[in-house]
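Asker: Return a 3D structure for these sequence lines:
(2 chains)
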Amino acid sequence: MTTPALVLWWVCILLESLILFRAVTTRILRTYPFFCVYLSCVLAGDVLLFWLYRFSTASVYRHVYWTKEFICVLAGYCVVVEIVQRALASCEGLKRFAAYVGLVVFAFIVGFTALQGLVQRSSEILLSSVEVERNLRSAELVFLALLVAMISYYGIPMGQNLKGIIIGYGLCVATVVLDHAVQSYAGFYKPIFTTVLSYSYLFSLLVWTFCLWSYHAHPVPNRPTPLDDDYDVLVNSTREAIVVLRGLLGKAARS
Amino acid sequence: MIELVLFFALGVIFLILLYALTRRTDVRAEGGAEALLEARQALDSLQNGLLPATLVERIFAQEDLDFVSSSCSREVRVLFLRERKRMALSWVAQVRVRVLRLWQFYSGHSRRYARLDLRTEFSLALHFASLLIACRILQALFYLRGPYAAPGIVARAIGAAGNVCVMSERSLSFLSHVNAFRPESAGNSAET
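Answerer: You can find the predicted model right below:
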């Protein structure tokens, strides 16, 4: 490993420690416990891997690396659940939809991975750890993409902490998926993407350090949830208005 | 290779969405007074300012063109057409902005409902989007062919505009509670 890579490794460990220290000393730990657990897993994994890199064999290192990766994937799913809970706290309908979509996407990707594994086992080509992690991260990414799209479409307000978690974590997951996709199919570009992955993780850590330096409450409306019957009125009246407006413009466009 | 393209596309789409999230400025307070007033203003503007038949009739008035063509020089006619085109384009652009504002109000308002129906939401989003696309098509038509290129446009637009003014007041009744912020607007609505 080159000196810049080692320095990067240490900088990441220091930033992870700093973020966790700030989280413990502010209300962030209580508000985003799963995120703190996730970061703790990453930090513990990084320290352990660094020690193994210096004092152990390559096969042990590889084994621990993939174990750490899968623990982080599981912890990452908890972070996504936490993001949904916090971001959609005041939107019961959207939260229900997000839970439904999350289950469907997860079931689809796990089913796809299992099927792929079965098919490839029959043809004696085993599915690699990279491909399994890529598939699991892809499910996470699809779900996060839908969540970000929903937040943008409905203009849901977010606190700085939550926004930072989404941006930093989303960036991590997206680069892992891109990196693993390239590793599986275009090994030639692997060194370039591994460097990109390392620096993008550093960027994510910087985003987290900036956004999670102090506690910012997630804005929750103090207005009561409206009656469900009003939703029908809202939908029907909007739909009627759209038809009328489109009629005007449509006629103009056709003529 | 197809998988590589799919995963790559997924990653890139997500990064674009993430970038949009960092750049967004249109965070709407849930049912806040400002959002309600903006929506009311957009509706008022559509009803009283942009869609009334008299205004649309004026913008696309064929007799104006006939008068200029018959009694003015060619240069004046060219100038007249250029100005009318600008006016028509500005009219469509403003309609589009108001429709967009109503859409934002709707999405900001509907997210609070526990019984949110995603199929309905999706269908309404498509309707709003198609309305905005229609505005864009109209803009392109006016830009390329001018406001007088198609003779049928005026009569049809005026007829439909008249209907809009009557119906939008009724159909956008969900905004009626906004009148609480502006007592005088009840009078305006009655006159429309």
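Asker: show me where chain B has helices.
Answerer: Using DSSP state H, the helices of chain B run over B:2-23, B:33-44, B:53-59, B:62-71, B:74-110, B:118-145, B:152-171, B:185-191.
Asker: same deal with chain A?
Answerer: A:3-25, A:28-31, A:33-55, A:58-87, A:92-122, A:129-153, A:160-185, A:190-211, A:228-254.
Asker: Turn the ones you listed into a markdown table, including mean pLDDT.
Answerer: A markdown table is the format used below for the helices of chain A (pLDDT from 0 to 100):
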| stretch | mean pLDDT |
| --- | --- |
| helix A:3-25 | 90 |
| helix A:28-31 | 90 |
| helix A:33-55 | 91 |
| helix A:58-87 | 89 |
| helix A:92-122 | 80 |
| helix A:129-153 | 85 |
| helix A:160-185 | 86 |
| helix A:190-211 | 84 |
| helix A:228-254 | 64 |
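Asker: Just tell me which of these ends up closest to chain B.
Answerer: Between chain B and those, the shortest gap by Cβ to the nearest Cβ is with helix A:92-122, which sits at 2.6 Å. Where C-beta positions appear, they are placed from N, C-alpha and C, glycine not excepted.
Asker: tell me what that closest one is packed against?
Answerer: Applying 3 or more Cβ pairs under 8 Å, 6 or more residues apart in numbering or on different chains; DSSP states H and E, we find helix A:92-122 packed against helix A:58-87, helix A:129-153.
Asker: Quick one: residues in contact with stretch A:38-46.
Answerer: For stretch A:38-46, contacts defined as Cβ atoms under 8 Å, 6 or more residues apart in numbering or on different chains pick out A:9, A:12-13, A:16-17, A:19-20, A:23, A:64, A:68, A:71-72, A:75-76, A:78-79, A:208.
Asker: which one is residue A:11 nearest to, not counting chain neighbours?
Answerer: residue A:202 (6.7 Å; Cβ to Cβ, 6 or more residues apart in numbering or on different chains).
Asker: Quick check: whichever residue of chain B sits closest to chain A vs residue A:96, distance?
Answerer: Residue of chain B nearest chain A, by Cβ to the nearest Cβ: residue B:116 (2.6 Å). Note on residue B:116: its distance to residue A:96, by Cβ to Cβ, to the nearest Å, is 8 Å.
Asker: Compare those two (neighbour count), which wins?
Answerer: residue B:116 (21 against 15; other Cβ atoms under 10 Å in any protein chain shown).
Asker: wait, isn't that one in contact with residue A:93?
Answerer: Yes: judged on Cβ atoms under 8 Å, residue B:116 makes contact with residue A:93 at a distance of 2.6 Å.
Asker: which ones are touching residue 87?
Answerer: You didn't pick a chain, so chain A it is. A:147, A:151, A:156, A:158, A:162, A:166, A:218.
Asker: you looked at the wrong chain, it should be chain B
Answerer: Counting by Cβ under 8 Å, 6+ apart, residue B:87 has contacts B:59, B:147.
Asker: Tell me, how many residues neighbour residue A:217?
Answerer: There are 11 residues near residue A:217, going by other Cβ under 10 Å.
Asker: Next, the contact list for the nearest residue to it once chain neighbours are set aside, please.
Answerer: Closest residue to residue A:217 apart from its sequence neighbours, by Cβ to Cβ, 6+ apart: residue A:159 at 5.8 Å. Going by Cβ under 8 Å, 6+ apart, residue A:159 touches A:216, A:217, A:218, A:219.
Asker: Distance to residue A:88 and pLDDT for those residues - can I get that in TSV?
Answerer: Conversion of these to TSV gives the following (distance: Cβ to Cβ, whole Å; pLDDT from 0 to 100):
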residue	distance to residue A:88	pLDDT
A:216	18	85
A:217	16	81
A:218	11	74
A:219	13	76
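Asker: which of those residues count as buried?
Answerer: Neighbour-count burial (16 or more other Cβ atoms under 10 Å in any protein chain shown) applied to the contacts of residue A:159 gives A:216, A:218, A:219.
Asker: of the residues you listed, closest to chain B?
Answerer: Taking these together and measuring to chain B by Cβ to the nearest Cβ, the closest member is residue A:219, at 8.3 Å.
Asker: What's the separation between that closest one and residue A:77?
Answerer: If you go by Cβ to Cβ, the gap between residue A:219 and residue A:77 works out to 26 Å.
Asker: next one: residue A:57
Answerer: Distance, residue A:57 to residue A:77, using Cβ to Cβ: 31 Å.
Asker: for residue A:48, same thing?
Answerer: For residue A:48, the distance to residue A:77 - Cβ to Cβ - is 21 Å.
Asker: What's the local residue count around residue 103?
Answerer: All of this is about chain A. Neighbours around residue A:103, by other Cβ under 10 Å: 11.
Asker: sorry, should have said chain B
Answerer: 22.
Asker: so what's it up against?
Answerer: So residue B:103 contacts B:128, B:132 (Cβ under 8 Å, 6+ apart).
Asker: For the closest residue to residue A:199 other than its chain neighbours, grab the count of nearby residues.
Answerer: Leaving aside its chain neighbours, residue A:199 sits nearest to residue A:8 (7.6 Å; criterion: Cβ to Cβ, 6+ apart). Counted with other Cβ under 10 Å, the neighbours of residue A:8 add up to 17.
Asker: Surely residue A:8 touches residue A:200?
Answerer: No: contact criterion Cβ under 8 Å: residue A:8 and residue A:200 do not qualify, at 11.4 Å.
Asker: Looking at residue A:57 and residue A:77, which one has more neighbours?
Answerer: Counted by other Cβ under 10 Å, residue A:57 and residue A:77 do not tie: residue A:77 has more neighbours, with 18 against 9.
Asker: For the residue lying closest to the more buried one once chain neighbours are set aside, grab the count of nearby residues.
Answerer: Among residues not flanking residue A:77 along the chain, residue A:140 sits closest, at 6.6 Å (Cβ to Cβ, 6+ apart). When counting by other Cβ under 10 Å, one arrives at 26 neighbours for residue A:140.
Asker: for residue A:140, what are its contacts?
Answerer: Per Cβ under 8 Å, 6+ apart, neighbours of residue A:140: A:73, A:76, A:77, A:80, A:173.
Asker: next one: residue B:147
Answerer: B:59, B:60, B:84, B:85, B:87, B:88, B:153.
Asker: ditto for residue B:136
Answerer: residue B:96.
Asker: how close does it get to residue B:129?
Answerer: Per Cβ to Cβ, residue B:136 is found 10 Å from residue B:129.
Asker: count of residues packed around the residue nearest to residue A:68 when sequence neighbours are not counted?
Answerer: Leaving out its chain neighbours, the residue that sits closest to residue A:68 by Cβ to Cβ, 6+ apart is residue A:45, at 3.6 Å. Neighbours of residue A:45 under the rule other Cβ under 10 Å: 18.
Asker: Over to residue A:7?
Answerer: Using other Cβ under 10 Å, residue A:7 has 10 neighbouring residues.
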